[in-house]
Structures are given as C-alpha cells and as structure tokens.
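J.: Sequence below, structure please.
(chains A and B)
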Protein chains: 2
Amino acid sequence: MSNEQLDALREQLDDVNMKLLDLINERARLVQDIGQVKSKSGQKRFDPVRERNMLDMIAENNEGPFETSTLQHLFKQIFQASLELQEDDNRKALLV
Amino acid sequence: MSNEQLDALREQLDDVNMKLLDLINERARLVQDIGQVKSKSGQKRFDPVRERNMLDMIAENNEGPFETSTLQHLFKQIFQASLELQEDDNRKALLV
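T.: Presented below is the predicted three-dimensional model:
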C-alpha cells in the first residue's frame, strides 16, 4: 500500500517538477525581453530596487510550508542565473 | 513607449514569480507527504537514485533558454531546501 502511495506522490512530484522547469524557462525568456528593452533605452540590467520589490512580494504572498527566507534565497538564485543569462546574451551579441 | 513595454513585461514577470512561489510550495507539501509515507515504512528520506532520476528528467525536457546545468543547479537548491523542511518536520514531531 505505502509503495503505491509513494509512486502516486512521486508521479505528482514529477509533474510539478516539469511545470517548474517550464515556468523557470518562461521567466528567463521574459528577463531576456526586459534586458533587450532596457539595453535599447540605455538602462542598467541590474535594478536592486526592483529586486527588493520582487522579494517583498514573495514575503507578502507566501502561504508556506517553506519559510519566506528559504523562498527568498531560492528566488535570489533564480535572479542571479537570469542576470548571467543576460550577460551571455550580451557577450554573444558583441561577437556577432 | 519603452517604459510601457517594460511595465507590461514586469507585470508578466510578477505573475510568473507568483506562479513559481505557489508551485515551489506545492512541491514542498508533496515532499512532506512523501516524507511521512517513507517514515512510516522506515525508508530513508534522501534517495540519491531518485534525485539523479529527477535531474535526468530536467535534462531531457529542457527547451531553454537556461542551460541544463543551470537548471539542475537551481533544482538541487530546491531539493536541499525540501530535505531541510522534512528535517524540521521531524524535529517538531520529536518535540511533541
């Protein structure tokens, strides 16, 4: 019985993982678009006020079970990876 | 014009952030459920084969723009946070 339960839960977890994968990549595409708009108007990619604002929204909307500090840590890693992706895009653009 | 574009993209990004927040917490609840089932049948929480399998699924299903290595790094952070959450649950259970 418990193995069936475990298999069913793992199937649900795989499904959530795939949704997360798609959403993280969707987020990356949006950040790339934002980077392009900013670059055209000469704005810097990294905006600490905007980042603070996004972290605050996470705090306000967190219904758990993760602690807000854990979620903010995870999101900071996503922000960092997104910035690095924009840097890669810029490097490639310079090489063209 | 570009500021309107930027605002619209940021609104979409906020929306994706909130979906990610919900999904990461949904994932955490599933991991808690899995932890309970495993604990009842005396299985260890951490299963390196299962983790490898999840990382492989990410590699197989990644359509970019993030590199697979970046995504696997992000997911490992989520796995780690989930394990810590289960440890917190266990500690609380011991204190009851």
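
J.: Might you list the low-confidence residue ranges for chain A?
T.: Applying pLDDT under 70 to chain A picks out residues A:1-2, A:96.

J.: name the helices or strands packed onto the helix or strand containing A:Ala93?
T.: Taking DSSP states H and E as the definition, A:Ala93 sits inside helix A:68-95. The helices and strands touching helix A:68-95, judged by 3 or more CB pairs under 8 Å, 6 or more residues apart in numbering or on different chains; DSSP states H and E, are helix A:2-40, helix A:48-61, helix B:2-40, helix B:68-95. To be clear about C-beta, it is placed using only N, CA and C from the backbone, and glycine gets the same treatment.

J.: A:Ala81 is nearest to which of those?
T.: helix B:68-95 (5.1 Å; CB to CB).

J.: coming back round to it: any chance of JSON lines for the helices and strands packed on helix A:68-95, columns mean neighbour count and distance to A:Asn90?
T.: Below are the helices and strands packed on helix A:68-95 laid out as JSON lines (neighbours: other CB atoms under 10 Å in any protein chain shown; distance: least, CB to CB, whole Å):
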{"stretch": "helix A:2-40", "mean neighbour count": "16", "distance to A:Asn90": "8"}
{"stretch": "helix A:48-61", "mean neighbour count": "13", "distance to A:Asn90": "19"}
{"stretch": "helix B:2-40", "mean neighbour count": "16", "distance to A:Asn90": "18"}
{"stretch": "helix B:68-95", "mean neighbour count": "15", "distance to A:Asn90": "17"}
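
J.: Which one, of those helices, ends up nearest to B:Arg52?
T.: Ranked by CB to CB, the member of the helices and strands packed on helix A:68-95 that lies closest to B:Arg52 is helix B:68-95, at 10.3 Å.

J.: contacting residues around the residue nearest in space to the middle of chain A?
T.: The residue lying closest to the centre of chain A (CA atoms, centre = their mean) is A:Ile78, at 4.1 Å. Contact analysis of A:Ile78 by CB atoms under 8 Å, 6 or more residues apart in numbering or on different chains lists A:24, A:27, B:20, B:74.
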